[in-house]
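Q: Mind folding the following:
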Amino acid sequence: MGNLSMEGSPKTPTVNFNEESGVLEVRGRSIPENSVEFYKPLNEWVESYGQSPKSVTTFDVKLEYFNTSSSKCILDLFKLLENLDGNNTEVKVNWYFEEDDEDMEEAGEDYQAIINLPFKMIEVEEI
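A: Numbering: from 1, shown residues only. Below you'll find the predicted structure:
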């Protein structure tokens with residue numbers, strides 16, 4: 001399967017999904033022209049990874065901004081991870097948000113209310 005690395009752009013986040021460590025990271029801005037198309041390889045990677053996941057899988061979300069269409073795709077990614085949890089892996093989510101960014105903090109809390117995974121809300125100076 002291998003790792004999934006995608007270089008970020010002004011409209012798309014940097015993606016680093018590491019098969020060996022079980023650490024999945026999405027960082028930056030998510031406002032792609034076609035969110036479904038952008039997130040498709042991420043979903044496929046998680047589905048493939050789910051065949052033999054690490055005992056602990058950590059999903060680090062370090063987004064400074066995402067649009068509405070990305071929010072649905074991110075939810076889909078969370079649902080895939082939720083399905084993995086307890087299936088030979090413990091999935092943990094670290095939701096990073098910049099101090100004073102109430103919108104991103106609330107977005108993390110909204111996902112936390114919907115998804116049945118342990119969420120850690122982490123306030124940072126800068127993403």
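Q: gap between stretch 61-68 and the chain center?
A: 10 Å (Cα atoms, centre = their mean, to the nearest Å).
Q: Give me the buried positions along that stretch.
A: Under the neighbour-count criterion of 16 or more other Cβ atoms under 10 Å, stretch 61-68 has 61-64, 66 buried. Any C-beta I mention is one placed from the backbone N, CA and C, and that applies to glycine too.
Q: quick one, helices of the protein?
A: Counting by DSSP state H, the chain has helices at residues 35-49, 68-84, 102-114.
Q: what's the burial count for Asn83?
A: Asn83 has 13 neighbours, counted by other Cβ atoms under 10 Å.
Q: Just list the residues touching the residue nearest to it when sequence neighbours are not counted, thanks.
A: In this structure, Asn83 finds its nearest non-sequential neighbour in Gly50, 7.3 Å apart by Cβ to Cβ, 6 or more residues apart in numbering. Residues near Gly50 by Cβ atoms under 8 Å, 6 or more residues apart in numbering: 80, 83-84, 87.
Q: which stretch among the helices of the chain comes nearest Thr14?
A: Thr14 lies closest to helix 35-49 among those, at 11.9 Å (Cβ to Cβ).
Q: Confirm for me that Asn88 is in contact with Pro53.
A: Yes. The pair Asn88 and Pro53 passes the contact test of Cβ atoms under 8 Å, sitting 6.0 Å apart.
Q: Counting neighbours, go ahead and name the busier of these two.
A: Using other Cβ under 10 Å as the criterion, Asn88 and Pro53 rank with Pro53 on top: 19 against 13.
Q: Perfect, I'm done here.
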